[in-house]
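Asks: sequence below, structure please.
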Amino acid sequence: MIRYRAQHELSQRALAQLLGVSQPRVVALESGEHNPTIDTRIAISRITGIEFAIDVAPAAQQPKLVTKSARESSAMHVHDDVSVLVASR
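Replies: Numbering: from 1, shown residues only. All right, here's what the predicted structure looks like:
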């Protein structure tokens, strides 16, 4: 979302208005510290056109479905015994 904001010259407040959420919610989404729900990602995609790819694999295994370039530019999250790679474009 940070890339989207920069490309569209939007402040966090302006993006929040576009998404129908609060500015602190945009901060939380951009920080990567909270994992948005699938419904939240769908809403963001509908409004912004951002494409998301999610790859879930056992923690001991490197996710392979998301392309190499996406893996290199995305965040890996470990939840209990699985790794979740979320890539967006």
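Asks: rest of the way, CA atoms for contacts and neighbours
Replies: Noted.
Asks: so how far is residue 13 from the closest residue to residue 47 other than its chain neighbours?
Replies: Sequence neighbours aside, residue 19 is the residue nearest to residue 47 in space, at 6.8 Å (criterion: C-alpha to C-alpha, 6 or more residues apart in numbering). Distance, residue 19 to residue 13, by C-alpha to C-alpha, to the nearest Å: 10 Å.
Asks: that older thread, was I right about the residue nearest to residue 47 contacting residue 46?
Replies: No - taking C-alpha atoms under 8 Å as the definition, residue 19 is not a contact partner of residue 46, at 9.6 Å.
Asks: neighbour count winner among residue 19 and residue 13?
Replies: Between residue 19 and residue 13, counted using other C-alpha atoms under 10 Å, the more crowded position is residue 19 (19 against 16).
Asks: give the contact list for the more buried one.
Replies: Residue 19 is in contact with 43, 44, 47, counting by C-alpha atoms under 8 Å, 6 or more residues apart in numbering.
Asks: just the buried members of those?
Replies: Burial by neighbour count, 16 or more other C-alpha atoms under 10 Å: within those this picks out residue 44.
Asks: quick check, nearest of the contacts of residue 19 to residue 29?
Replies: Taking C-alpha to C-alpha as the measure, residue 44 is the one of the contacts of residue 19 closest to residue 29, at 10.5 Å.
Asks: which ones are touching the closest one?
Replies: Contacts for residue 44 (C-alpha under 8 Å, 6+ apart) come out as 19, 50.
Asks: 14 is where my numbering starts, stick with that
Replies: Happy to do that; since the first residue is 14 now, the last one works out to residue 57.
Asks: next one, pLDDT for it please.
Replies: Among the per-residue scores, residue 57 holds a pLDDT of 90.
Asks: that one belongs to a helix?
Replies: Yes - judged by DSSP: H, G, I helix; E, B strand; the rest coil, residue 57 forms part of a helix.
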